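>>> One predicted model, sequence on top.
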Amino acid sequence: MSIDKPPAPDFEDLFDGAPCALVVTDEDGTILRSNRIFSLWMGISQEALTQRRFQDLLTMGGKNLPSDPLGATNAHAGLRCRGKT
């Protein structure tokens with residue numbers, strides 16, 4: 001008697017169904033992909049978010065960041081230092 005394993009979750013389902021906002025950008029801040037929650041929070045469709053700059057979605061207070069706003073986040077800065085972005 002063999003017990004079948006349930007199928008592994010699909011990356012697409014995990015990304016889009018995450019209970020938090022997820023955004024993937026390139027080094028210039030251009031949104032390459034976002035999930036459903038981020039789209040809902042922004043009030044903009046996922047398709048319309050793609051190719052927009054993350055910085056352009058920020059308020060003036062949020063734009064008052066160093067010239068490399070994505071480098072201001074510890075996670076991104078750490079990944080970039082390791083050459084993995």
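Everything's here; your move.

>>> Which helix or which strand is home to Arg33?
According to DSSP states H and E, Arg33 maps onto strand 31-34.

>>> Point out the other helices and strands that that strand packs with.
With contacts taken as 3 or more Cβ pairs under 8 Å, 6 or more residues apart in numbering; DSSP states H and E, strand 31-34 sits against strand 23-25, helix 46-49. Quick note: C-beta positions are derived from backbone N, CA and C, even for glycine.

>>> following that strand, which helix or strand comes up?
helix 36-42.

>>> Show me which residues of that following helix are buried.
Phe38, Ser39, Met42 (16 or more other Cβ atoms under 10 Å).

>>> which ones are touching Val24?
By Cβ atoms under 8 Å, 6 or more residues apart in numbering, the contact set of Val24 is Ile31, Leu32, Arg33, Ser34.

>>> Give me the buried subset of these.
Buried, going by 16+ other Cβ under 10 Å: Ile31, Ser34, out of the contacts of Val24.

>>> Grab the two from the contacts of Val24 that are most spread out in space.
Spatially, the most separated pair among those is Leu32 and Ser34, at 8.5 Å (Cβ to Cβ).

>>> Could you name every residue contacting both of the two?
Residues touching both Leu32 and Ser34 (Cβ under 8 Å, 6+ apart) are Val24, Thr50.
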